[in-house]
Each structure stands twice: as structure tokens, then as C-alpha cells.
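J.: coordinates for the following, if possible.
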Amino acid sequence: MLEGVTADADKAMKPLTSKQCERVQRKKKKLAAYLEIAKLNDKDREAKAMMPQSRGESKCSDGDSSSGVFVPREEHRRKRYKKDRETAVVCSIDVKLNGVSESSQNVSNPAVESPEPCCNFEPVSFCPNNLPPGFSDHALIGKSGKVRLAGEELAELKRELRERKNQLKCIPRFRLKEMGECASLTMKEEERTPLFLSDVQHLLMFSMLGHHSPYQPSRWCQLQKYNRVSHTVVVLIEGLSLYDFQAHESLLPAVADIFMHRVEVITPLAYNGSLVEELAAVPLTGTQKHKLLNEFGSLEAAMKHKEDLFKVMRAIFPVIESSWTSGEASRPISDHFSRTQLLLSASQLIEENYPLPLKGKLRARYADFVFTKDLYHEVTHNSPMFSLDCEMCRTTSGELEVTRISVVNEQLEVVYETLVKPRNRITDYLTQFSGITKELLVDVDVRLEDVQKSIRALLPPDAILVGQSLNFDLIALKMMHPYIIDTSVIYNITGDRFRKTKLALLAQRFLGEEIQQGKKGHCSVEDSTTCMRLTQLKLANDIEYGDSVLACQRATIARQRQRNPTSTEQEVAASLFSHVTRLDKSAAVVGCSEVIDKYLNYMSETMFGISDSTESCSKNVQCVVTPNETVVSQTCNIVLEHSFVLAHVIVNHTESDDKTVVMKQVNSWCRAVWEHIAYSGLYVMLFGGQKDGANGACFIQIKKPPVPNRA
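T.: The predicted structure follows:
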């Protein structure tokens, strides 16, 4: 027993360690904090107990016991303070609407300040010089000096505010989205990614047709309340470029005053295109192409005036014209329509995140990418197709790098296949997806540079690459190609363009086969072969096969035909003017005889006529032939008579000419057209660019009506 007591005593006398000391100190601090909290709680209880007594003592407000006005309870005080605050805010809004300056310096904004609750108001009389406009001597003022309205004046102000709010709801609004901001002239030139002229065309159609338009500008801008746009006016100045605007911006004050939105546009002249064609010729939708094929047998026969739809690629890739790809030969027997209809357009390549050599951020992002060919030929319906698929692993770079690639031709033959060893160390082989293991790459010495050289030697200059979400494969290969068929785009079973269907599900649904089975990962040969078979299957049927989006569009047209059998459903809508006049709207084109002759190819003969005066040439479209110097003045005369007016001016000058006179003339044109446009009208001015590669510029603004002041 004695030994146990001695052991406990020794243990108690043992010195504490540093950690034990820290725990003791923390406990002491906690106890001190608890003690302070207890003292504060005691004070709160004492104050709460004294509150009824203090309330009873202060019966009167402001120390005036003779008034007999009791101080309201806290909840009533809050309600009255809220009501007084709302009245003060309304008064402040009224002061702002009337532009009060020196006469209302004593009126502050309670929305910014937080005045103390004021419950006692007295009617006072103001000197007229101290009252803001619209305020009478029946206004109220509180202890804080805030002018407030009451009675009929407050009701009248609320009514005016409601009318102003309703008026603002009727005004269309235009804003740039992310892609439009990247093309804005406010961006640095090295960071700017220009738009296409087709983007501007989509905006023009949407401003007049809204959701009835076959194309919408949702890629780069948003036009709210499009049905409130009174009319659309376009002034196209051919011969001036973005560089001219930047070099002589000081001579164009009207442009700075009028246009809030300014973007860079790739000019068609950079790829030997036509301004008139790019603006007036609307690419056909999938449903329209199908109707043309049923009626004419081939797209080429129906569009004899329409050249290649992919000429814009000349401005992005080194594409040259070649006689041996003229497209005159008949397409393959197995294809029921041209395979070029399945190609992704330039705007679709951007939307699907394909690597493109565009200037700005895209060029910096893909600076180390290489072309699949040094020079490309124009694609035709006889261009060969090659299906490509890559398997990738994750490396220390944090990105996916190629470890296997397979290329299959139209005969489903493997023309190229190899394993690839990444430069960076592999951190995850992703075997369950790629099928790649460490053992497979032990003796591999093929690098990415070797694969790039092999692909460049394999593909012909007009080759079409086929694949499922091929953008990921090209990014992993660090290569760029202009002609792409993406099976995740041409096939759609969800009815939503933004929801892609997996390749395994497409193979099961349309080919009746099961792929990507097992735990050993995917096979690049199997995937590339499946993509080629799916593409060939679609070409053997029609443009709508496997695409529920196009099928829904066709069903909508069929329902409309049942409702109105006498409608002109067979009319080909391949022109900007035919789209504009489709909803009983009128259009006008103003230009010299040379310009008008170019627009004739994009109007039906029953739809237009030519006149040397401003008289209407036909029921729907008015063409005004006038000297180049009077195009703008003639436009101002008829600008209010049509839903769409296009003025095409040609500026003839040489490098030796002084552009000061030209720019001053353009500035006066810009101001004159703006003054003649109606409120809520969409005003677009285009600089067409130059053949030496200088891009064009587009200026956009909606003319808003003035906000009426309160009398």
C-alpha cells in the first residue's frame, strides 16, 4: 500500500512536458473567456429588466412632454420608417428625372445614406426658388431635411415611373457576347479574334425575322426585343478597311458618337470572295438542301449561281484553286448527296473548339500546331475521306498526350497505325479507356513529330477527316485541318445540338453493333472504322438521317403545309432578300449600276426590277440605281419606307490619294443616315476591307428614343 502511494506522489511531482503546458494554458484562456461572457450576459439581463421602466418614463418624443405624442413601439417604428424611406427614394428618383442641380442640393439620396427613422412630419411651405421642378408647396419635409411627396403628387410620380418602365421594355437592346467581345476593337490587336461576314448576315436576318430566321447570331451577340426593331439599315462602304478607320479615327467623330459596338470582320476579299455574295447569299439549311435535292436531283443544279460554300477557308488555311478539283465530275454512286454538306463550317469549327490559325487568342493558343498540309485544294464531293482516332494518356504536363493513332480509309483499310511515346512522363495510362499499358510502350521510340510527318505525307491536299469529336484528337496531335466531318454533329438523337451522343450508342443504334466492350480499353482502329461506317451510312440515306434536329424541322414544315396547302413551300430561300420579304416585309438596295447588277443574281426575277428613280420597282424589293456620290442621299430619302435598306457605296482611291477628304465624306454619310433612321432602328455600317489582306470593320448601334422629362 505504501509503495502505491509513493508511486502516485512521484508521478505528481514529475515535471510537465511542453505539450501539456500548452494544453493548460489553453484551458486557462477558455475559462477567462467564459468568465467575460458571463459578465456580459449579466449586464444584458440588467438592461432588459430596466427597459419597461425607461419606456414608461419617456412618454413624449423629442423631449416635448406637452405634445402628448407617444413614441410608437419598435415594430410600428420599423414599419413607418420603411414607408418613409420608400417615399424618400421615390422623391430622389423624381429629382434625378428632372435634372435638379443647384435648386435641389439639399435633397440627398436616402438609398445611399441611411438616415435615422423619422416618424414626425409637418406640412411646410417652400420658397419656389428652393423647390425642385414639379414640386409644389404641399411637399413634406422631415427632421433630416429630405423632401418627400405625398397625396396626388406621389401618385402622379408613380404613374410616370410606370410609363417610363413600360417604355424601356419596348426598346430593343443589343450586346456582345464572349465571342463578340473577343472581336471588339477595344481588345488589343494581338488578342483580337475577328468575326466572319456571315455572322453579320445572321444578325441582319434575326433583326427582321427573329426566331423565323434560319440562322441566329447567338454565337457572338444577343439582340433582345428583336420584334421591337423598327427597321434595319446597312451602309456597306467598299474600299475602306479596319486600318483606314484606325489611322483616321480622329476624322470620324460621328462613328465615335453613334456606334457603341465595333468589331473586326474577316473580309471576303482576303480569300478572293465577293462582298455582295457573302452578304446576300444565305447558306441553305439542312432541310432546304434536302428539298433542293428532291426537286433538282443535285445541289449543284439548284445553285448554279452559288459558288463553293467553304471559300471562307481561304482566309484561314492556305487553300488554292486547282483545275483538277473543279467539281464537275459526278459524285460517288454510294453517296445520295454531296459529302461537302456534312463538313463543319468555319463558325462551327470555332464553336466545336477545333484548332484554327485565326489571329488573336486562338493563334497564341495554337502557336506550336502544324498544318496537315502546306497547301490545300478546294474540297469537292469527290474528295477522299479518312477516319482518324487517337488514344491518349495523362502525363506530367497535366494534359492528354497521344499514345496510339489509327487512320482508316473509305475501304475500311488501316492505312496508318502506330504507338506513340510521349515526351513527358506518363502519370496515368487510363487503361480502362485507352487500352494502353506500360508494357506496350517499353520499346516504342515513335514521337509526336514522327506522327505529324507521317500524316502530312499520307493525306492528299483535299482530304476530309472523319471522327467522333475529332477536335480532341487534333489538339492532342497538335495539328490543324480545314475539312472536318464530326459524327457527333451529323448524328443527333437527343434533339439538342449541345448534347452529344457517345460513339458506342451511335454504333448500337444505327449499325447494330457493340463496341468499346470489356475492361481492356478502347481500340482506335475499331473507333475510327465505326466513324467511317456511320458517315457512309448517312451519305447513303439523306441529310436528315440520324439527326433528330433536322427531322423536327422537317416535321414543322410538314405541319405548316397541312395548315396552308396553298403556300409557296417550293420557293428556294437562298437569298437574304427572299428571307426578308418572306413575312410580307419590304426591302431596298441602293447603289450604282455595277453594284445593282451583282445583287441581281440573288433575287428572283419576279421579285425585283431596276429603276433610275426612287419609285418602287416591285411589290417587295426596290432597287435604286444612282451615281455612287448620291447613294447615301437616296438612302436617306427611302430609309423609312422599308423594313430593310442596304446602301452599297464604292470608295475609289489610290495609295497616293489623300484619304482625309474621303474620311470626312464617310463621317458626313454616317451622320446623315443616323439622323434619318427611326427610333428603335438597327444601324450597321460595314467597312468592306481590302484585297491586300486588311480586314474589315463593323459598327453596330440601335437608335434609342429619348426619355421624356417630367413636366
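J.: what mean pLDDT does stretch 687-707 have?
T.: Averaged across stretch 687-707, pLDDT comes to 85.
J.: from now on call the first residue 42
T.: Taking 42 as the first residue, the last one we looked at is stretch 728-748.
J.: count the neighbours of L552 for me.
T.: 13 (other CB atoms under 10 Å). Every C-beta, even on glycine, is put in place using the N, C-alpha and C of the backbone.
J.: roughly how far does the nearest residue to it once chain neighbours are set aside sit from Q452?
T.: Distance criterion CB to CB, 6 or more residues apart in numbering; nearest residue to L552, sequence neighbours excluded, is R574 at 6.1 Å. Distance, R574 to Q452, by CB to CB, to the nearest Å: 11 Å.
J.: what does M426 give?
T.: 11 Å.
J.: which of those two has more neighbours?
T.: Neighbour totals were compared for M426 and Q452, and M426 leads with 20 against 7 (other CB under 10 Å).
J.: in the sheet, who's paired with the more buried one?
T.: I505 (DSSP bridges).
J.: that one contacts E451, doesn't it?
T.: Yes: in terms of CB atoms under 8 Å, M426 counts as a neighbour of E451; the distance is 5.4 Å.
J.: between these two, which contacts overlap?
T.: Applying CB atoms under 8 Å, 6 or more residues apart in numbering, one finds that M426 and E451 are jointly contacted by M573.
J.: I'd say E393 and V530 touch.
T.: Yes: using CB under 8 Å, E393 is in contact with V530, at 7.0 Å.
J.: the two: who's more crowded?
T.: V530 (19 against 16).
J.: tell me the average confidence for whichever strand or helix holds T444?
T.: Assigned by DSSP states H and E, T444 belongs to strand 441-449. Across strand 441-449, pLDDT averages out at 94.
J.: got it, and stretch 482-497?
T.: pLDDT averaged over stretch 482-497 gives 94.
J.: send me it as CSV with only the CA atoms.
T.: Written as CSV, here are the backbone C-alpha positions of stretch 482-497 (Å, rounded to 0.1, in the frame of the first residue of the first chain):
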residue,chain,number,x,y,z
LEU,A,482,5.3,1.4,-74.7
VAL,A,483,8.6,-0.1,-73.4
ASP,A,484,10.2,-0.5,-76.8
VAL,A,485,8.4,2.3,-78.6
ASP,A,486,10.6,5.1,-80.0
VAL,A,487,8.0,6.9,-82.2
ARG,A,488,7.4,10.5,-81.1
LEU,A,489,4.7,13.0,-81.9
GLU,A,490,6.9,14.7,-84.5
ASP,A,491,7.2,11.4,-86.4
VAL,A,492,3.4,11.0,-86.4
GLN,A,493,2.9,14.6,-87.8
LYS,A,494,5.4,13.9,-90.6
SER,A,495,3.6,10.6,-91.5
ILE,A,496,0.1,12.2,-91.5
ARG,A,497,1.3,15.1,-93.7
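J.: ok, and the closest non-adjacent residue to Y395?
T.: N512 (4.5 Å).
J.: need the contact list for C677.
T.: 713-714, 716-717.
J.: rerun that using 10 Å as the cut-off
T.: 274, 631, 686, 688, 710, 713-718 (CB atoms under 10 Å, 6 or more residues apart in numbering).
J.: now it: which helix or strand?
T.: helix 672-679.
J.: picking that back up, hmm, L429 and the residue nearest to Y395 touching each other?
T.: No: applying CB atoms under 10 Å as the test, N512 and L429 come out as separate, 11.6 Å apart.
J.: between the two, tell me which one has more neighbours.
T.: Regarding N512 and L429, a neighbour count based on other CB under 10 Å identifies L429 as having more, with 26 against 17.
J.: before we move on, which element is the more buried one in?
T.: L429 belongs to strand 426-436, assigned by DSSP H and E.
J.: and that strand, what's buried?
T.: 426-436 (16 or more other CB atoms under 10 Å).
J.: is it possible to get TSV of those that adds distance to K414 and pLDDT?
T.: Formatted as TSV, these follow (distance: CB to CB, whole Å; pLDDT from 0 to 100):
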residue	distance to K414	pLDDT
M426	15	96
F427	12	97
S428	18	96
L429	14	96
D430	20	94
C431	19	93
E432	24	92
M433	24	92
C434	28	93
R435	30	92
T436	28	92
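J.: low pLDDT regions in the stretch 592-741 of the chain?
T.: 592-616, 620, 622-624, 644-660, 694-698, 733-734 (pLDDT under 70).
J.: OK, contacts around G439?
T.: 465, 468.
J.: filter the contacts of C677 down to the ones in helices?
T.: Among those, the members falling in helices (DSSP state H) are 710, 713-717.
J.: hmm, back to that, now the angle between strand 441-449 and the strand holding L429, please.
T.: Strand 426-436 and strand 441-449 meet at an angle of 160 degrees, taking axes from the mean of the first three to the mean of the last three CA atoms, to 10 degrees as the criterion.
J.: report all helices and strands that strand 426-436 contacts.
T.: strand 441-449, strand 455-460, strand 467-469, helix 472-475, helix 489-499, strand 505-508, helix 511-518, helix 565-581 (3 or more CB pairs under 10 Å, 6 or more residues apart in numbering; DSSP states H and E).
J.: want to try JSON lines for those, with distance to L245 as columns?
T.: Shown next, in JSON lines, are the helices and strands packed on strand 426-436 (distance: least, CB to CB, whole Å):
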{"stretch": "strand 441-449", "distance to L245": "41"}
{"stretch": "strand 455-460", "distance to L245": "45"}
{"stretch": "strand 467-469", "distance to L245": "49"}
{"stretch": "helix 472-475", "distance to L245": "45"}
{"stretch": "helix 489-499", "distance to L245": "40"}
{"stretch": "strand 505-508", "distance to L245": "31"}
{"stretch": "helix 511-518", "distance to L245": "29"}
{"stretch": "helix 565-581", "distance to L245": "32"}
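J.: relative to T671, which of these is closest?
T.: strand 505-508 (48.6 Å; CB to CB).
J.: quick one: average pLDDT of the closest one?
T.: Mean predicted lDDT for strand 505-508 stands at 96.
J.: would you put the C-alpha positions of it in PDB?
T.: Coordinates of each C-alpha in strand 505-508 appear next as PDB, following Å, rounded to 0.1, in the frame of the first residue of the first chain:
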ATOM      1  CA  ILE A 505     -11.700  15.100 -95.400                       C
ATOM      2  CA  LEU A 506     -11.000  13.900 -91.900                       C
ATOM      3  CA  VAL A 507     -13.800  12.000 -90.200                       C
ATOM      4  CA  GLY A 508     -14.000  11.300 -86.500                       C
END
